[in-house]
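J.: Okay, sequence plus prediction incoming.
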Amino acid sequence: MDGTQGIVPAELTLGVADIDATERFYRDVLGVELMRHGDSVRITFGEFTLVFEHAPPTTRAKFELGLRVRDGAALDVIAKRVGATTYDRDGGGRALFVTDPDHYTIEIFSR
């Protein structure tokens with residue numbers, strides 16, 4: 001057994017202060033397809049779902065979300081949209097960092 005006990009990441013839920021701002025950021029700025037359901041926003045990546053709910057975190061912890069895009073051209077589109085500069089990533093590929101409305105750090109990268 002590999003120590004994971006067959007556990008596979010399926011869902012991560014993060015509290016946010018303003019669900020509308022979160023929805024706009026991920027949909028309009030990053031260009032991610034999402035589903036809004038009441039006070040939550042769901043983004044599905046294959047079998048993994050990222051859920052944002054209106055529940056402001058009481059204490060900010062260092063948290064970084066990594067999102068992979070299909071290629072460098074897709075990364076360039078996002079970089080232009082958010083006004084960020086890409087950099088060469090250790091291990092290959094390029095990446096950029098951006099911060100969402102609740103100050104979660106997001107590394108968007110291509111390989």
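T.: Yep, it's here.

J.: Any regions of this protein where pLDDT drops low?
T.: 1-9, 57-62 (pLDDT under 70).

J.: mind checking the longest helix of it?
T.: Across the chain, the longest stretch assigned as helix under DSSP state H is helix 72-82.

J.: Could you pull out the buried residues of that one?
T.: Residues of helix 72-82 classed as buried by neighbour count (16 or more other Cβ atoms under 10 Å): 75, 78-79, 82. In this view, the C-beta of every residue, glycine as well, is placed from N, C-alpha and C.

J.: closest to Arg68 among those residues?
T.: Using Cβ to Cβ, Leu75 is the member of the buried residues of helix 72-82 that sits closest to Arg68, with 9.4 Å.

J.: Can you tell me the closest non-neighbouring residue to that closest one?
T.: Using Cβ to Cβ, 6 or more residues apart in numbering and skipping residues adjacent in sequence, the residue nearest Leu75 is Ser110, 4.6 Å away.

J.: returning to that earlier point: switch the buried residues of helix 72-82 over to a markdown table; also include distance to His54.
T.: Below are the buried residues of helix 72-82 laid out as a markdown table (distance: Cβ to Cβ, whole Å):
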| residue | distance to His54 |
| --- | --- |
| Leu75 | 30 |
| Ile78 | 25 |
| Ala79 | 29 |
| Val82 | 24 |
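
J.: What is the most widely separated pair among these?
T.: The most widely separated members of the buried residues of helix 72-82, counting by Cβ to Cβ, are Leu75 and Val82 (10.8 Å).

J.: which neighbours do those two share?
T.: Counting by Cβ atoms under 8 Å, 6 or more residues apart in numbering, the contacts common to Leu75 and Val82 are Leu96.

J.: thinking again about what came up before, can you tell me what sits against the following helix or strand past the longest helix of the chain?
T.: As assigned by DSSP states H and E, the chain's next helix or strand after helix 72-82 is strand 87-88. Residues from elsewhere that reach strand 87-88 (Cβ under 8 Å, 6+ apart): 94-96.
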